[in-house]
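Chemist: Pasting the sequence and the predicted model now:
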Amino acid sequence: MPLPLKIRRLGRQPYEPVWRAMSAFTDNRTASTTDELWVLEHDPVFTLGQAGKMEHVLAPGDIPVVPVDRGGQVTYHGPGQIVAYPLIDLRRVGVSVRDLVHGIEQALIDTLANWNIEAVRREGAPGVYVADAKVAALGLRVRRGCSFHGLAFNVNMSLEPFHRINPCGYKGLAVTQVLDLGGPSRLSDVEDVLIGELCRQFGFEPEPAAPVIPELPARMAV
């Protein structure tokens, strides 16, 4: 039987409150907590993963830099980019961390294939690439067997802020987006396909949920 996955489409949100909310959700969940997928856009922000080095932040200007507890180096989030946070109990789904990364990448590759865009993964460099340009980045954390943080998928955005960093720690790494590759401009169109592909990869049955961050116990409220 497919496992249920609550889908929360949260719209545009500031970064730090969502980060703290998904961390608290992970800390407070139990074996019976339904897995969730949060899909949203962020206000402009650079995030620096646990292994991140400030030397890869070249000229942030007016965009804040937030050190966070995910894997990976530095990346940019901003309007026009789909950010998706899979809050998944890996043991219940029956996947390893490697399987999770591989499945997310495959879901992105299959999403792009809907518009005849040929994308690939790179061994040792998580994410999805089209003709040597990165179109989606991954940065995950697993705690108590459950995942949080997730993926960032460039759809229809200003790519200029990526020139202010070494994306994912790679000097001169080219970055692209769905619109420039011949795909649709509306985020909702891409979100619909991506949600379906993620569910297919991991055997989930999507359940639309209220577009709000779940309430937490008062002592743990964000």
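Modeler: Alright, I've got the coordinates.
Chemist: how about low-confidence regions in the protein?
Modeler: 216-222 (pLDDT under 70).
Chemist: change it to 50
Modeler: Scanning the chain for pLDDT under 50 picks out 218-222.
Chemist: which stretches of it form helices?
Modeler: In the chain, the helices defined using DSSP state H lie at 15-28, 90-93, 97-113, 187-202.
Chemist: Out of those, which is closest to residue 149?
Modeler: For residue 149, the closest of these is helix 15-28, at 7.4 Å, according to CB to CB. Any C-beta I mention is one placed from the backbone N, CA and C, and that applies to glycine too.
Chemist: buried sites along that closest one?
Modeler: The neighbour-count check on helix 15-28 (16 or more other CB atoms under 10 Å) flags 15, 16, 18, 19, 21, 22, 23, 24, 25, 26 as buried.
Chemist: From residue 210, how far off is the closest residue to the fourth one other than its chain neighbours?
Modeler: Leaving aside its sequence neighbours, residue 19 sits nearest to residue 68 (CB to CB, 6 or more residues apart in numbering; 6.1 Å). Residue 68 is 26 Å from residue 210, where distance means CB to CB, to the nearest Å.
Chemist: Please list all residues in contact with the closest residue to residue 64 other than its chain neighbours.
Modeler: Setting aside the residues directly before and after it, residue 64 is nearest to residue 45 in space (CB to CB, 6+ apart), at 5.6 Å. The contact partners of residue 45, taken as CB atoms under 8 Å, 6 or more residues apart in numbering, are 14, 15, 63, 64, 65, 66, 76, 77, 78.
Chemist: so how many other residues sit close to the closest residue to the fifth one other than its chain neighbours?
Modeler: Spelled out, that is residue 65. Nearest non-adjacent residue to residue 65, counting by CB to CB, 6+ apart: residue 46, 4.6 Å away. By other CB atoms under 10 Å, the residues close to residue 46 number 24.
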